[in-house]
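J.: Build me a model:
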Amino acid sequence: MTKVFVNLPTTDLERSKAFYTALGCEINPLFTDENAACVVWAEDIFFMVLKREFFATFTDKPIADPNEVAQVSVSFSRDSREDVDDILAKGLAAGGTEPKPAQDYGFMYSRDLDDPDGNSLGFLFMTEEAVENGPEHVAEQSTGS
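T.: Purely as a prediction, here's the structure:
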């Protein structure tokens with residue numbers, strides 16, 4: 001089974017751990033120390049939140065400031081629009097920010113959440129019909145084409 005590890009830079013490791021636990025994640029203590037925290041998002045999805053200085057030891061490239069540039073945005077599906085709104089409320093209460101208004105395409109509802117370091121997370125709900133048949137099919141059905 002493939003496991004996904006997303007590395008995210010942070011300027012404040014304790015703040016990051018508090019933010020992600022507020023979203024419902026757990027911290028794996030076996031892979032957490034003073035330089036990094038292993039955030040368990042799902043059984044096979046993990047965020048490695050790394051202090052910027054430690055992150056820099058893994059690459060010769062400069063580490064982008066996620067408050068200034070977007071290098072990656074990780075998105076997660078949710079079971080309903082209410083689930084999207086619920087996780088955004090938790091993230092905003094834990095110090096995150098919503099960089100733009102919700103997007104409602106009828107077949108898909110999405111909202112973005114930046115963690116306190118500016119790393120971008122997306123949360124979306126897509127109707128089962130769109131998942132199974134694609135957004136064009138949903139658009140055709142709504143216009144009667």
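
J.: just the helices in this structure please.
T.: 13-22, 52-55, 81-93, 128-133, 135-143 (DSSP state H).

J.: which one of these lies closest to D112?
T.: helix 81-93 (8.6 Å; C-beta to C-beta). To be clear about C-beta, it is placed using only N, CA and C from the backbone, and glycine gets the same treatment.

J.: CA atoms only: put the closest one into CSV for me.
T.: Output of helix 81-93 as CSV, limited to C-alpha atoms (Å, rounded to 0.1, in the frame of the first residue of the first chain):
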residue,chain,number,x,y,z
ARG,A,81,-21.1,20.7,2.3
GLU,A,82,-21.6,20.8,6.0
ASP,A,83,-18.4,18.7,6.5
VAL,A,84,-16.5,21.3,4.4
ASP,A,85,-18.0,24.2,6.5
ASP,A,86,-17.3,22.3,9.7
ILE,A,87,-13.6,21.7,9.1
LEU,A,88,-13.2,25.3,7.9
ALA,A,89,-14.8,26.6,11.2
LYS,A,90,-12.3,24.4,13.2
GLY,A,91,-9.4,25.6,11.2
LEU,A,92,-10.4,29.3,11.4
ALA,A,93,-10.8,28.9,15.2
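
J.: Contacts only, for E53.
T.: N35 (C-beta atoms under 8 Å, 6 or more residues apart in numbering).

J.: From T11, how far off is it?
T.: 10 Å (C-beta to C-beta, to the nearest Å).

J.: Check L50 too.
T.: 11 Å.

J.: neighbour-wise, which of the two wins?
T.: Using other C-beta atoms under 10 Å as the criterion, L50 and T11 rank with L50 on top: 21 against 14.
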